[in-house]
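Asker: sequence and predicted structure, then a few things I'm wondering about:
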Amino acid sequence: MLCNVAEADPFGPVGGAHFQASKVASSHAVRFVPLVANSQVLCVDEVLESLASAWVALGRNPLIVDAASTSPHVSATSALDLGACVQTFAGSAAYLAAGDLPRRHVDTHGSAARMLTELQRAAPHADTIVVHADATDLARIFKHRQAQPLLMAVDEPESLKQAYAGWKW
């Protein structure tokens, strides 16, 4: 998995008093983390599980939203209650299969930003929401926000090319 740590550390500071202060200050703030899908990475489930475990280890309550085009679709129940589709695992971590959710939230301006609000309502306990989706969907979802996406790739030229193209989006 590639991540440009020099630009931003998605896990936040992890040292000493600063970590404790940021933990208290961010207890109500939600951190959104875009994760660019890469069709060349076949172990996506393991990547998502590892990210969730890392945030849990840091005392966070992550919601992993698997919204890539190759991900399982969200249940039909989501139209009535998206929160009912959120599955809790590993204590404070949660998962939402949401393969078609980004396209359901596109408005007349091409933005799917309201999806982030819906995710917050669906999992009010989550303080970190990881949105794994295709680059084009992430561009719609994070259209009005500054976001520094996480990239993943395997050691193959096509995979690296896809990761770079996703970052450029």
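Answerer: Looks like it arrived, so ask away.

Asker: need the strands for the protein, in chain order.
Answerer: 31-36, 62-66, 87-89, 93-97, 128-133 (DSSP state E).

Asker: residue contacts, Ile64?
Answerer: Counting by Cβ atoms under 8 Å, 6 or more residues apart in numbering, Ile64 makes contact with Leu48, Leu51, Ala52, Ala93, Ala94, Tyr95, Leu96, Val130, His132. Bear in mind the C-beta positions are built from the backbone N, C-alpha and C, glycine included.

Asker: the same query, at a cut-off of 10 Å, please.
Answerer: Neighbouring residues of Ile64 by Cβ atoms under 10 Å, 6 or more residues apart in numbering: 33, 35, 47-49, 51-52, 55, 86-87, 89, 93-98, 126, 128-132.

Asker: so for stretch 96-104, what gets flagged as buried?
Answerer: Leu96, Ala97, Ala98, Gly99, Leu101, Pro102 (16 or more other Cβ atoms under 10 Å).

Asker: the nearest residue to the last one once chain neighbours are set aside: neighbour count?
Answerer: Nearest residue to Pro102 in three dimensions, chain neighbours excluded: Asp137, at 3.9 Å (Cβ to Cβ, 6 or more residues apart in numbering). Per other Cβ atoms under 10 Å, the neighbour tally for Asp137 reads 25.

Asker: same question, the one 4 residues further on
Answerer: The local packing count at Ile141 equals 27, with neighbours defined by other Cβ under 10 Å.

Asker: quick one, phi psi at the residue nearest to it when sequence neighbours are not counted?
Answerer: Closest residue to Ile141 apart from its sequence neighbours, by Cβ to Cβ, 6+ apart: Ala112 at 4.7 Å. Phi and psi for Ala112, reported as degrees, to the nearest 10, are phi -120, psi 30.

Asker: quick one: stretch 101-115 to chain centroid distance?
Answerer: 16 Å (Cα atoms, centre = their mean, to the nearest Å).

Asker: okay, buried residues for it please.
Answerer: In stretch 101-115, counting by 16+ other Cβ under 10 Å, buried: Leu101, Pro102, His105, Val106, Ser111, Ala112, Ala113, Met115.

Asker: ok, stretch 132-142 next?
Answerer: His132, Ala133, Asp134, Ala135, Asp137, Leu138, Ala139, Arg140, Ile141, Phe142.

Asker: next: stretch 142-157.
Answerer: For stretch 142-157, by 16+ other Cβ under 10 Å, it's Phe142, Pro149, Leu150, Leu151, Met152, Ala153.

Asker: can I assume the fifth one is in contact with Val130?
Answerer: This points to Met152. No: taking contacts as Cβ atoms under 10 Å, Met152 lies outside contact range of Val130: 11.7 Å.
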